[in-house]
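>>> When you get a sec, could you give me coordinates for this:
(2 chains)
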Amino acid sequence: AQSVTQPDIHITVSEGASLELRCNYSYGATPYLFWYVQSPGQGLQLLLKYFSGDTLVQGIKGFEAEFKRSQSSFNLRKPSVHWSDAAEYFCAVASSGTYKYIFGTGTRLKVLA
Amino acid sequence: EAGVTQFPSHSVIEKGQTVTLRCDPISGHDNLYWYRRVMGKEIKFLLHFVKESKQDESGMPNNRFLAERTGGTYSTLKVQPAELEDSGVYFCASSQVLWEQFFGPGTRLTVL
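Numbers count the residues shown, from 1 in each chain, chains lettered A, B, ... in the order given. As a prediction, this is how the structure comes out:
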């Protein structure tokens, strides 16, 4: 069965520091991968997605993610975190057939001033 | 263009009562999805509509949950009777192009 693992439940970084959020997936075929962010009181917003092609994907708000098939990973990165990045981040993989998303448990990011 | 909207944003009910959640997808989106997040857990798929037809309802927990999509536009998710374990955040999403879903802000349901 498909699954997504986000091993870090909470991460705290200082403003201006770099960030990497981990995501590992289990999926038989080439997955469609996504990162979403949920800010307090807001809905889920798509940061970026990977379908095929270049394995380094650029997203909104200065985020990027790299698809590594050999490691079954799709880690999210940002070179310099801003206080407004404090939120919860979700990695998801799309399932074939019904196109339903399978989400990880989320990583809550705290940014120190 | 308006995004996916959900109503209400919060609902607090007592065990045994009925609650109906509403989702208005982005205009023109044929695909509509319901998901649920129980506190501390992952967001889980409930069901998928294509227009007014249920394409996949494999994630619906039990027969206390009933989802409808009238005329292929808005959708409702009714929980009757509500149980304590139904508490969580219910998300709706819509898409026109498959593989890219747009999510609403969610409805936080608390069952006391």
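>>> Near chain A, which residues of chain B are found?
When proximity is defined by C-beta under 8 Å from any C-beta of the partner chain, chain B lies next to chain A at B:3-4, B:31, B:33, B:35, B:40-45, B:48, B:55-56, B:58-59, B:91, B:93, B:95, B:98-106. C-beta here means a position set from N, CA and C on the backbone, and glycine is covered the same way.
>>> Please list the members of those residues that lie in strands.
Among those, the members found in strands (DSSP state E) are B:31, B:33, B:35, B:43-45, B:48, B:55-56, B:91, B:93, B:95, B:102-103.
>>> can I get those in CSV with neighbour count?
Output for these, formatted as CSV (neighbours: other C-beta atoms under 10 Å in any protein chain shown):
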residue, neighbour count
B:31, 20
B:33, 28
B:35, 25
B:43, 24
B:44, 18
B:45, 23
B:48, 23
B:55, 16
B:56, 18
B:91, 27
B:93, 25
B:95, 20
B:102, 19
B:103, 25
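>>> Strands along chain A, start to end?
A:3-5, A:10-14, A:19-21, A:24-26, A:32-38, A:44-50, A:56-58, A:64-68, A:73-78, A:87-94, A:101-103, A:107-112.
>>> Take those strands and write them to a markdown table, including mean pLDDT, distance to residue B:78 and mean neighbour count.
Below are the strands of chain A laid out as a markdown table (pLDDT from 0 to 100; distance: least, C-beta to C-beta, whole Å; neighbours: other C-beta atoms under 10 Å in any protein chain shown):
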| stretch | mean pLDDT | distance to residue B:78 | mean neighbour count |
| --- | --- | --- | --- |
| strand A:3-5 | 93 | 29 | 17 |
| strand A:10-14 | 97 | 35 | 13 |
| strand A:19-21 | 97 | 36 | 18 |
| strand A:24-26 | 93 | 33 | 16 |
| strand A:32-38 | 94 | 25 | 23 |
| strand A:44-50 | 93 | 23 | 20 |
| strand A:56-58 | 96 | 39 | 14 |
| strand A:64-68 | 95 | 37 | 18 |
| strand A:73-78 | 97 | 36 | 20 |
| strand A:87-94 | 94 | 26 | 23 |
| strand A:101-103 | 92 | 23 | 23 |
| strand A:107-112 | 96 | 31 | 16 |
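>>> Residue A:24: what's it in contact with?
Going by C-beta atoms under 8 Å, 6 or more residues apart in numbering or on different chains, residue A:24 touches A:4, A:5, A:7, A:71, A:72, A:73, A:74.
>>> Need the max-distance pair from the residues you listed.
Maximum pairwise distance among the contacts of residue A:24 (C-beta to C-beta): 13.9 Å, between A:4 and A:71.
>>> Quickly list what residue A:25 is bridged to.
Note on residue A:25: beta-bridge partners by DSSP bridges are residue A:4.
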